[in-house]
Each structure stands twice: as C-alpha cells, then as structure tokens.
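In: Give me the fold of what follows.
(one chain, ligands or ions: 1)
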Amino acid sequence: MKRRALMSVSDKSGILEFARELVKMDVEILSTGGTRKHLEDNGVPTTAVDEVTGFPEILGGRVKTLHPLIHGGLLAKHDDSEHQQQMSDNGIAPIEFVCVNLYPFRETIAKPDVTVDDAIENIDIGGPTMLRSAAKNHAYVTVIVDSGDYEAVLAELREQQTTSPELRRKLAAKVFRHTAAYDAYISNYLTELTDEQYPEQLTLTYELSQALRYGENPHQKAAFYKSALGSDFSIAHATQLHGKELSYNNIQDANAALQIIKEFTMPASVAVKHMNPCGVGIGATLSESFKKAYEADSTSIFGGIVALNREVDLETAQQLSQIFLEIVIAPSFTEDALAELGKKKNIRLLTVPFETKRRDKWNTVTVEGGLLVQEPDTFGYGDADIRVVTERQPTEQELEALKLGWSVVKHVKSNAIVVCDESMTLGVGAGQMNRVGAAAIALEQAADKAQGAAMASDAFFPMADTVEAAAKAGIKAIIQPGGSKKDQESIDAANAHGIAMVFTGVRHFKH
Ligand SMILES: NC(=O)c1ncn([C@@H]2O[C@H](COP(=O)(O)O)[C@@H](O)[C@H]2O)c1NC=O
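Out: Purely as a prediction, here's the structure:
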C-alpha cells in the first residue's frame, strides 16, 4: 500500500517543494480544493480528498476533511489489531503525514475594517481537527504545521525512510501550542464582543521575540515574548538599527522610557535608569530638550536609556554621543545622525512606531503563582480636576512646572517625588519606603535649583512634614492628589510658607 500524506494549507509557501520531494519518495498526496489546484497547476500529482471520502466539499468549504475516512486514517494505531480490523472493515487507509496550516484568523482580526462575519469565516475548524488528530497519534503520524519544519522532515526521510519518534513528538507538541494559541485569539476576540470583563479563564498568547543572553542577572536564563495583537508603540515592535543585542534589563528600561515619552507632545527627551526617569527635558527643539534631560542629572544618565519623541538630527546626535548611553530610541534618525551615533560600537539605536494604532487594553504583572491584571494608568494631567487648595494661586509658569512634574511622577516607583521647573526635572526621589524620604532625595539632588521650583507627589501627604521640607528648600508650588485625613495640616503649612498647592484628586502609585 502506498504511503499517504494529506496536505491542506492556507499559506502555500514551500508546499510545492515539500510535495515534490514526497512524491519522489513514492508518497501519494491527498489534498483539499485550493491546495490541490496549486499543486496540480505546478505539476504535482494529487488525489482529491473528496475522492477519498466520496463526499464533496460543502458549505463553502466549512466541511471538507471532517470525515471518518480521513480521521480514521489519522487516528488509527498501526500496531493495534482491533484498530486494523476496523480500518479494513470500513475501507480506511492510514495517513502517515499531515501538512496543514490554518485560516489566517489573527491576520484577519488585525485588519482595521474587519467585520465579525469575516472574522468568523476565518475560524478554521477542519484544519485544527486534523492537526489535533495527527498530533495525538504522533506515535505513527508526522504532523507539520510550520513550513519551517518541512526540511527537517525531509532530511530524516532521506536518511532513514521514516521520521524519528523524537521529531514526531516535537512536531506534535508544536501543533498543540499552535492550536492553543489559535483558539486563544478566537476566544479573546469573541470575549471582547461580549460584556464579560474578567473571564473565568484567561488564555494569553505570546510569540517568541528572542532568546536573551541572560535575565536580570547573568545566572538567570531569559527570553522575550511579544504579543502579536498588543500595543505597537512598544519595545516589542522596535527596529534595531545599530549595536549589540538588547538585554533583559535594556528591554525593561526601554519600556519605561517609552511609557514616559508618551506623555509629551512637544519635543521631549527622557533618560531612564533602573526603570525610573533620571532626567526629563522639554524644549522648542529636540536638542534643547536633550540638553535639559542631561543637565537634570548628568551623573545618573551615564549608561542610561534615552527616548526622544522627534527624529534625531545631527545636532542632537552629537550631544548624545558625548556620553555613554546603552540605548537611544526615537521615531527615526536622520542619515547623518545615524552615522554620528553609529561610530559608537556599543550603543543600541532603535526606532519604534510613534504613530500608534493599537494600545494594550490591560497591564499584567506576575506574582509567584498568579497574575495581576489591571487597566493601564492612562490618566493624565489634562484629565485631572485641578483644584487650588491654598491661599496663593499658582502662576502660569508654576502651572507649567506642576504639569511636567505630574506627568513624570506617575512613572516613578512609589513613594515618588519629582522636583522640576517648567521644562526639566531637577530631582527625582524614587522607590522610598516613606514619602518624606523620597522628598529628601529629590530636594537634595535639586539643591539650589529647588528655589522657586515645583514639586509633584504621586500620592497624598500623610502629614505636613514633606511640605515643611519643600518650603525649607525653596519650593513654591506643589501638586499632589490630596485625600489624606490630615490634608488641612499640609494646606496650613503651604499657606504659612506662601506655597501654591493643587490637588488632582487622582493618585499615581507605581509599585
Ligand atoms: N472544513 C474543513 O473540513 C477543512 N479542512 C481543512 N480546512 C482548511 O482549509 C485550508 C485549505 O483549503 P484549500 O486547500 O481549499 O486552500 C487549510 O487552512 C485547512 O486548515 C478546512 N476548513 C475549515 O474549517
């Protein structure tokens, strides 16, 4: 009896060469409508699946391979006498190779104008069914869902006329990963059309972006996975133009820098270290903004990650190349800027699409044994109900500084305090276990520049000590959520020192 292979593929790349090789090995090719036409048109002899089943393809292709003569051939154990008897009683012949890839559901739903009908028609039923049958029976059947595996299968067949159990198991495991991911896209798409907010099961799917040299530390193994339908204004969608491979910590820092740069519409530069901003500057030009981000903390920026929100020009590139930076990320680089920065072997230069089409709907973070899911903190200064609570109103300039401080403090690990003027940060106190400690760090860094500057706090002041420390350093305006039982003590202290204080009513913890 001739060995048989079943081919039914939406993505036809590589299928001709694979089929030709199998035919040379005297394998009979069974195939469905479009696949068969492609093979026959290119001179590969095939047998139609409906010839095998004696049943036509119906319902516009919804039923083509869903038939016992196909699935019997895929699921029968070749060394089980009962199975063999039933096969012969029912005229079923074994199928040894299955080569299937699925209707492009993910690509279909990624289209901006997709209709629900279109999405539903692209849910493949017969394909996953064949893949699952063949993968379950991988003791006997070789199943290929990825055209990248055609060659590995052919290599073993050339060598030993059959595939090894190890390869068959690997391919079967890949099939179940693939169908699980395929179903995750479908279930997520349909769930989004319902009012279900927290489904009883959450099936997320990510694709390997790259294996990393190591994790947070060199003794930890690590890899980076990306979400195919997630935000495209993302480090996961960056194009690297120059430099060494990104590391685990680079990816985290670059992500932090991108979240901050998203806050600004005017030319802005953000320098990040250990996922906290060490310098943020805005200006009339990109180069001016970078100068400010650098001056904000010219010590910490060393070895930092810089994100900029305009095309990097030669002038800015020359400034950037004065210091050691791990990464520069921007929407684009002019040719001469790229040449300038490219002189540095180790700097990583990345572009990301700033014109974002998709944003993540949820942020997730793992805890041991679980996953926390929340909406991203998209609440900005413009959304806040700014309320002046002191006798003195902030000046226009102070309001600009408060706006900058509030936009940055949201991205600083709590407890967080930012001291700034209207165009740059002057001091950042991050990740302290008490608020007055964070203020002390920010104020110490700002030093003399704190005179007349503004201060932003990610959460309310539980007592008046932070306002007192701010007043002592010369701070003239404060922005904070408010909401403490002791707000009045902080307001009284601000009034006593002539500080203008505004409440936003919204907190920006970042743990
Ligand atoms: N309905 C079925 O019985 C069925 N059998 C195979 N398919 C899919 O049809 C596609 C190939 O179709 P064609 O050979 O007609 O181009 C493959 O992606 C395959 O997964 C089917 N389609 C959808 O469910």
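In: Tell me who's in contact with Leu6.
Out: Residues near Leu6 by Cβ atoms under 8 Å, 6 or more residues apart in numbering: 29-31, 49, 65, 70, 74, 95, 97-100, 130. In short, each C-beta sits where N, CA and C put it, glycine included.
In: Near the ligand, which residues of this protein are found?
Out: Contacts of the chain with the ligand, taken as Cβ under 6 Å from any ligand atom, map to 8-10, 32-35, 61-66, 100-103, 124-127.
In: Select from those residues every entry located in strands.
Out: Within those, residues falling in strands by DSSP state E are Ser8, Val9, Val100, Asn101.
In: right, and the second one touches Ile15 too?
Out: Put plainly, it is Val9. Yes - look at Val9 against Ile15 with Cβ atoms under 8 Å: they come within range, at 5.5 Å.
In: any shared contact partners between these two?
Out: Thr35, Cys99.
In: for the residue nearest to Phe461 when sequence neighbours are not counted, helix, strand, or coil?
Out: Once flanking residues are discounted, Phe461 sits nearest to Ser490: 4.6 Å by Cβ to Cβ, 6 or more residues apart in numbering. Ser490 carries the three-state label helix when classified by DSSP: H, G, I helix; E, B strand; the rest coil.
In: burial of Ser490, as a residue count?
Out: Ser490: 29 surrounding residues under other Cβ atoms under 10 Å.
In: just to revisit the earlier point, export the ones in strands among the residues of the chain next to the ligand to TSV and tack on neighbour count?
Out: Below are those laid out as TSV (neighbours: other Cβ atoms under 10 Å):
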residue	neighbour count
Ser8	26
Val9	23
Val100	25
Asn101	22
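In: Let me know the closest of these to Gly243.
Out: Closest to Gly243 out of those is Asn101 (35.2 Å), distances taken as Cβ to Cβ.
In: if we can go back for a sec, give me the subset of the contacts of Leu6 lying in helices.
Out: The helices, defined by DSSP state H, take in Val49, Ile70, Leu74, Met130 from the contacts of Leu6.
In: Nearest to the ligand among the residues you listed?
Out: Met130 (6.5 Å; Cβ to the nearest ligand atom).
In: So, low pLDDT: which residues of the stretch 401-511 of the chain?
Out: For the stretch 401-511 of the chain, no stretch is flagged by pLDDT under 70.
In: any idea where the helices of it begin and end?
Out: 435-446, 465-473, 487-496 (DSSP state H, counting those that start in this stretch).
In: Turn these into TSV, including distance to Ala172.
Out: Shown next, in TSV, are the helices of the stretch 401-511 of the chain (distance: least, Cβ to Cβ, whole Å):
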stretch	distance to Ala172
helix 435-446	54
helix 465-473	61
helix 487-496	63
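In: Next, the contact list for the closest residue to the ligand within the stretch 151-300 of the chain, please.
Out: Closest contact between the stretch 151-300 of the chain and the ligand, by Cβ to the nearest ligand atom, is at Tyr182 (10.3 Å). Contact analysis of Tyr182 by Cβ under 8 Å, 6+ apart lists Leu102, Phe105, Arg106, Asp124, Pro128.
In: With Thr316 instead?
Out: Thr316 neighbours (Cβ under 8 Å, 6+ apart): Leu286, Ser287, Phe290, Leu308, Ala337.
In: The last one: neighbouring residues, count only.
Out: Think Ala337. Ala337: 23 neighbours (other Cβ under 10 Å).
In: got it, and the fourth one?
Out: Other residues near Leu308 come to 27 when the count uses other Cβ under 10 Å.
In: Give me the distance between it and the ligand.
Out: Leu308 is 44 Å from the ligand, where distance means Cβ to the nearest ligand atom, to the nearest Å.
In: Isn't that residue up against Ser269?
Out: Yes - Leu308 lies in contact with Ser269 (Cβ under 8 Å); the separation is 5.0 Å.
In: what touches both of those two?
Out: Common neighbours of Leu308 and Ser269 (criterion: Cβ under 8 Å, 6+ apart): Leu286, Ser289, Phe290.
In: so who does the second one touch?
Out: Shown here is Ser289, whose contacts under the criterion Cβ under 8 Å, 6+ apart are Met266, Pro267, Ala268, Ser269, Gly281, Ile282, Gly283, Leu308.
In: Spatially nearest residue to it (excluding sequence neighbours)?
Out: The nearest residue in space to Ser289 (Cβ to Cβ, 6+ apart) is Gly283, at 4.0 Å.
In: surely Gln319 meets Ala293?
Out: No - at 9.9 Å, Gln319 and Ala293 do not qualify as touching, with contact defined as Cβ under 8 Å.
In: and the two? which has more neighbours close in?
Out: Counted by other Cβ under 10 Å, Gln319 and Ala293 do not tie: Ala293 has more neighbours, with 29 against 18.
In: what about the closest residue to the ligand within the stretch 351-500 of the chain, how many residues close to it?
Out: Ranking the residues of the stretch 351-500 of the chain by distance to the ligand (Cβ to the nearest ligand atom) places Arg358 first, at 25.6 Å. Residues near Arg358, counting by other Cβ under 10 Å, number 15.
In: Just the element for it, please.
Out: For Arg358, there is no helix or strand it lies in under DSSP states H and E.
In: what about the helices in the stretch 101-250 of the chain?
Out: Counting by DSSP H, counting those that start in this stretch, the helices of the stretch 101-250 of the chain are 105-110, 116-121, 126-136, 150-160, 165-192, 248-261.
In: What about Lys170, how many residues nearby?
Out: For Lys170, using other Cβ under 10 Å, the count is 14.
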